[in-house]
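A.B. asks: Okay, here's the prediction I keep looking at, along with the sequence it came from:
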Amino acid sequence: GGGGGGDKAAAPPRDPAESLKKLLTDDGVGAVRPGTEAEETIKKMEKQVRLKMKTEREKMLREQQRLLEIQHELDILEMPMKRDVSLTRDRLETLDRELASAEKDHKIKKKAYEDAAALWEKKKEEKANLSDHLRMIIHDNEQRKTQKLEELLGKLGVEDKGPVFEGFS
């Protein structure tokens, strides 16, 4: 043998990076020779890296496309709901304004109704009182007339309190 550590032949490392490291750290002669094993290993590793990057990029683009399609499907699902929500909100806002206006109108008309009802009750009571007063006046007047007529009949000497006008009884 030759070297310092033993006579067994070193098996080439399985990892390409280890293989490259070994080639570069040997005696340096291999690094100078064109087309050496180190260059081939480097080219092979670069090719693997490029291939892996291409594969990953393609995989990423496919996944991105798949996600865009899913997002598009979700958007399609949400479109009718968004339209319905928007229309419903617009209708609610309109109804809210109409409700406020109707409430104001209701309060005004309710107050007017209550005022009219109170006035009606007052006039009804006033009429009832006035009708009672008229009946009392008529009653009092009839009593006075009856007394006066009885007095006059007494002065005339008529004692019979039968019909005053015999032809009209």
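C.D. replies: Structure's in. What do you need?

A.B. asks: lowest-pLDDT helix or strand in the protein?
C.D. replies: helix 29-32 (a mean of 50; mean pLDDT, DSSP states H and E).

A.B. asks: what's downstream of it, the next helix or strand?
C.D. replies: Downstream of helix 29-32, the next assigned helix or strand under DSSP states H and E is helix 37-156.

A.B. asks: Now that following helix: average pLDDT?
C.D. replies: Taken as a whole, helix 37-156 has an average pLDDT of 94.

A.B. asks: For that helix, which helices and strands make contact with it?
C.D. replies: helix 16-25, helix 29-32 (3 or more Cβ pairs under 8 Å, 6 or more residues apart in numbering; DSSP states H and E). In this view, the C-beta of every residue, glycine as well, is placed from N, C-alpha and C.

A.B. asks: 6 Å - rerun?
C.D. replies: Identification of packing neighbours for helix 37-156 by 3 or more Cβ pairs under 6 Å, 6 or more residues apart in numbering; DSSP states H and E yields helix 16-25.

A.B. asks: neighbours of E37, just the number please.
C.D. replies: 14 (other Cβ atoms under 10 Å).

A.B. asks: One more: T41?
C.D. replies: 20.

A.B. asks: go on, the one 3 residues further on?
C.D. replies: Counted with other Cβ under 10 Å, residues neighbouring K44 total 13.

A.B. asks: From K52, how far off is it?
C.D. replies: K44 sits 12 Å away from K52, going by Cβ to Cβ, to the nearest Å.

A.B. asks: same thing with M136?
C.D. replies: In terms of Cβ to Cβ, M136 sits 120 Å off from K52.

A.B. asks: Also A128?
C.D. replies: 107 Å.

A.B. asks: can you check A112 too?
C.D. replies: For A112, the distance to K52 - Cβ to Cβ - is 86 Å.

A.B. asks: And I70, by the same measure?
C.D. replies: 26 Å.

A.B. asks: go on, E39?
C.D. replies: Taken as Cβ to Cβ, the span from E39 to K52 is 20 Å.

A.B. asks: Many thanks, we can stop here.
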